[in-house]
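Undergrad: quick check, what structure comes out for this input:
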Amino acid sequence: MTENGITRTSRRAVLLAAGSAAGAALAAACSVPAGTRGAAGQASAPASPATPPSSSVSASVSASASASASASASASAGTTPACVLATESGAGPYYLDLDRVRSDIREGRGGVPFRLDLTVVQASGGCRPVAGAAVDVWHADVSGEYSTGGATFLRGTQVTDAAGRCTFRTIVPGWYAGLAPHIHFKVRPDRRTETTSQFFFPEDLLLKVYTLQPYARRDAPKHPNTRDSRFRESGAAMTLAPVPDGGGYSAAYTVGIA
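TA: I've put the predicted structure just below:
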């Protein structure tokens, strides 16, 4: 399948903290519990689904050309910029506004189990948790197929709780069309505002997972991530840090909206 979503940079896009040192400082500033990850920081084991962990985010970001150049220079030098303006990606033709509220979106689809714990905060409001935000996720199955028409597998919506948290139970997605494997997400804090982007996975984890069934029914690409220009542009900020969790993996991420 192909995906025709438009990739663009938006000044109301997701604001993300990057780097373990910056993450620690931002965690203190935002009163986020210790031991969780920033956008490109180090991960710790996620908590139980009842108390999904949060991570640190940036409270502000410079949109000036000089700041962008500085961030690019830092990234090129092998260090992670303290704050990045993440790329907001188009939803593509496979987004369906179903408002299907559920945590487990698998519908019996095979694959390595994956739990995604998200926390939504308002970066411009001092990292205040955003309660009552609708969070949609959707992605391809192990064969690279999306649910379309009347099908709803691997799609779902959760509403954040008072702490801005929600959890999805799904699988590690398959690959398709020369794109880095990814999970789309959309955050809708109200009826007028939305932010759309996507999460990536570490390439070494993907290569390990793709040796397992049912993924191994197809020959996996040698470099599932780096062949995708979108990953090369925003992968550092938008890559999850999964950890083993039972027979699968789990990851926690804090999405900071403007």
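Undergrad: contacts and neighbour counts: CA atoms only from here.
TA: Noted.
Undergrad: what about H184, neighbour count?
TA: For H184, the tally of surrounding residues (other Cα atoms under 10 Å) stands at 22.
Undergrad: what about it, distance to G247?
TA: Distance, H184 to G247, by Cα to Cα, to the nearest Å: 23 Å.
Undergrad: G125 now?
TA: Taken as Cα to Cα, the span from G125 to G247 is 38 Å.
Undergrad: and these two? Which one has more around it.
TA: G125 (15 against 8).
Undergrad: span of stretch 216-235 from start to end?
TA: Using Cα to Cα, the two ends of stretch 216-235 sit 24 Å apart.
Undergrad: quick one: mean pLDDT for that stretch?
TA: The average pLDDT for stretch 216-235 rounds to 92.
Undergrad: list the buried residues in it.
TA: 220, 224-226, 228, 230-231, 234-235 (16 or more other Cα atoms under 10 Å).
Undergrad: which residues of this protein fall in helices?
TA: With DSSP state H as the criterion, the chain has helices at 20-29, 65-76, 203-209, 229-238.
Undergrad: separation between P214 and L206?
TA: Distance from P214 to L206, by Cα to Cα: 13 Å.
Undergrad: which of these two has more residues huddled nearby?
TA: L206 (22 against 15).
Undergrad: which ones are touching that one?
TA: Counting by Cα atoms under 8 Å, 6 or more residues apart in numbering, L206 touches P224.
Undergrad: make 521 the starting number, not 1.
TA: Sure thing, new numbering starts at 521, so read that last one as L726.
Undergrad: ok, it to H743 distance?
TA: L726 is 9 Å from H743, by Cα to Cα.
Undergrad: kindly report the same for G694.
TA: Where H743 is concerned, G694 sits at a distance of 13 Å (Cα to Cα).
Undergrad: cool, and Y773?
TA: 24 Å.
Undergrad: next one: R711
TA: Counting by Cα to Cα, the gap from R711 to H743 is 39 Å.
Undergrad: do V692 as well
TA: 16 Å.
Undergrad: cool, and A671?
TA: Taken as Cα to Cα, the span from A671 to H743 is 30 Å.
Undergrad: also G766?
TA: Taking Cα to Cα, one finds G766 at 26 Å from H743.
Undergrad: ok, V763 next?
TA: From V763 over to H743 the distance is 21 Å, taken as Cα to Cα.
Undergrad: now swap in V655 and tell me
TA: For V655, the distance to H743 - Cα to Cα - is 30 Å.
Undergrad: same deal with G684?
TA: For G684 relative to H743 (Cα to Cα), the value is 35 Å.
Undergrad: hang on, P764 packs against R635?
TA: No. Applying Cα atoms under 8 Å, one finds P764 not in contact with R635, separated by 10.3 Å.
Undergrad: need the residues touching each of these two.
TA: S770.
Undergrad: those two: which is more packed in?
TA: R635 (23 against 12).
Undergrad: next one, pLDDT for the more buried one please.
TA: Listed pLDDT for R635 reads 98.
Undergrad: the closest residue to A736 other than its chain neighbours: neighbouring residues, count only.
TA: Nearest residue to A736, sequence neighbours excluded (Cα to Cα, 6 or more residues apart in numbering): Y730, at 5.7 Å. The burial count assigned to Y730 is 23, neighbours taken as other Cα under 10 Å.
Undergrad: so who does the nearest residue to G631 once chain neighbours are set aside touch?
TA: Spatial nearest neighbour of G631, excluding adjacent residues (Cα to Cα, 6+ apart): I691 at 5.4 Å. Counting by Cα under 8 Å, 6+ apart, I691 touches 626, 630-635, 661.
Undergrad: list buried residues within these.
TA: By neighbour count, with 16+ other Cα under 10 Å, these hold 626, 631-635, 661 as buried.
Undergrad: these in strands, which ones?
TA: 633-635 (DSSP state E).
Undergrad: pull the number of nearby residues for the nearest residue to Y696 once chain neighbours are set aside.
TA: For Y696, ignoring the flanking residues on the chain, the nearest one in space by Cα to Cα, 6+ apart is G664 at 4.9 Å. When neighbours are counted by other Cα under 10 Å, G664 registers 16.
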